[in-house]
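> give me a 3D structure for the following:
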Amino acid sequence: MNPRKIRTCQFLIDYHEGHGDKEIVFSDNVYALWHVAVALKKVCICGSTTNSERVQILDNSTTNSERVQILDNFMYNPDISSHYGSRRQEAQRLGRILRAKRRSDEGFNAFFYSLVSRDTAEMYYSTRRQAFLVDQGYSFRVITHLAGMDEKSGLVFSTPQQRNELLKQVVGDTLAKRVIDDQQGEGEGDLF
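Numbering: from 1, shown residues only. Got it, this is the predicted structure:
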């Protein structure tokens, strides 16, 4: 839920939409998935998405009316399927992306971005995934700054106040969930 990560995601989506590319955004966290989809005004697919809604979203992506999909990592997509965040499955997902279908006589480019927040546990897991991908013959670049992003207008969470509001909401939601989990745990504990 790093607001800067969401801004970066929006910047990359805008860039690739401008080139007519189809895009899929994955998240391991459904809470983050919904917030990203709402902030970027995109549809998303997760466990609570009905089968008919899922079919409609996937059909729209093949007919080009909806070029961006935001998916829970546990969702099935005919072109890219992933389950959990293991290193091998990330390599498989990357392989499927790189076997993208030809879009026109110009050919195609396929890109795979993994957005990682500095100084977090994500860094550890990201480093392990990178080592695995190198072992599998893939190359990668670590980019810490995207040219033009700071100048682009219209990105979400542009001001410190907006970023702080999101983070306050995340903290509040996390505390509320802990209270609910604790209450449910107490009730279940009475059975034993």
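
> quick one: buried residues of the longest helix along the chain?
The residue-count maximum for a helix in the chain (DSSP state H) belongs to helix 160-189. Neighbour counts over helix 160-189 (16 or more other Cβ atoms under 10 Å) mark 163, 166, 170 as buried. C-betas here are computed from N, CA, C, even on glycine.

> setting the sequence-adjacent residues aside, check what's closest to the second one.
Read it as residue 166. Distances taken as Cβ to Cβ, 6 or more residues apart in numbering put residue 3 closest to residue 166, at 5.1 Å, once the chain neighbours are dropped.

> how far away is the most centrally placed residue in the chain from residue 163?
With distances taken as Cα atoms, centre = their mean, the residue of the chain nearest its centroid is residue 26 (3.3 Å). As judged by Cβ to Cβ, to the nearest Å, residue 26 and residue 163 stand 23 Å apart.

> before we move on, the earlier item: for the residue nearest to the centre of the chain, helix, strand, or coil?
strand (DSSP: H, G, I helix; E, B strand; the rest coil).

> which residues does it form a beta bridge with?
Assessed by DSSP bridges, residue 26 has beta-bridge partners residue 71.

> need the helices for this protein, in chain order.
Under the criterion DSSP H, the chain contains helices at 3-18, 30-40, 51-62, 87-98, 121-135, 160-189.

> of those, which approaches residue 113 most closely?
For residue 113, the closest of these is helix 3-18, at 6.0 Å, according to Cβ to Cβ.

> using CSV, write out every CA atom in the closest one.
Extracted as CSV, the C-alpha positions of helix 3-18 are listed here (Å, rounded to 0.1, in the frame of the first residue of the first chain):
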residue,chain,number,x,y,z
PRO,A,3,1.3,5.3,-2.2
ARG,A,4,4.5,5.9,-4.3
LYS,A,5,4.2,2.3,-5.6
ILE,A,6,0.6,3.0,-6.7
ARG,A,7,1.8,6.2,-8.5
THR,A,8,4.5,4.2,-10.2
CYS,A,9,2.0,1.6,-11.3
GLN,A,10,-0.3,4.3,-12.7
PHE,A,11,2.7,5.9,-14.5
LEU,A,12,3.6,2.5,-16.1
ILE,A,13,-0.1,1.8,-17.0
ASP,A,14,-0.4,5.2,-18.7
TYR,A,15,2.9,4.7,-20.6
HIS,A,16,1.9,1.3,-21.9
GLU,A,17,-1.7,2.3,-22.7
GLY,A,18,-0.2,5.2,-24.7
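
> low-scoring stretches of the chain, by residue?
The chain contains residues with pLDDT under 70 at 61-109, 186-192.

> mind redoing it with 90?
Filtered on pLDDT under 90, the chain yields the residue ranges 1, 16-38, 40-114, 118-142, 144, 174-192.

> possible to save the helices of the chain as TSV with distance to residue 145?
Formatted as TSV, these follow (distance: least, Cβ to Cβ, whole Å):
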stretch	distance to residue 145
helix 3-18	10
helix 30-40	21
helix 51-62	30
helix 87-98	23
helix 121-135	17
helix 160-189	18
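
> go through those and name the closest to residue 110.
Here helix 87-98 is closest among those (Cβ to Cβ), at 4.9 Å.
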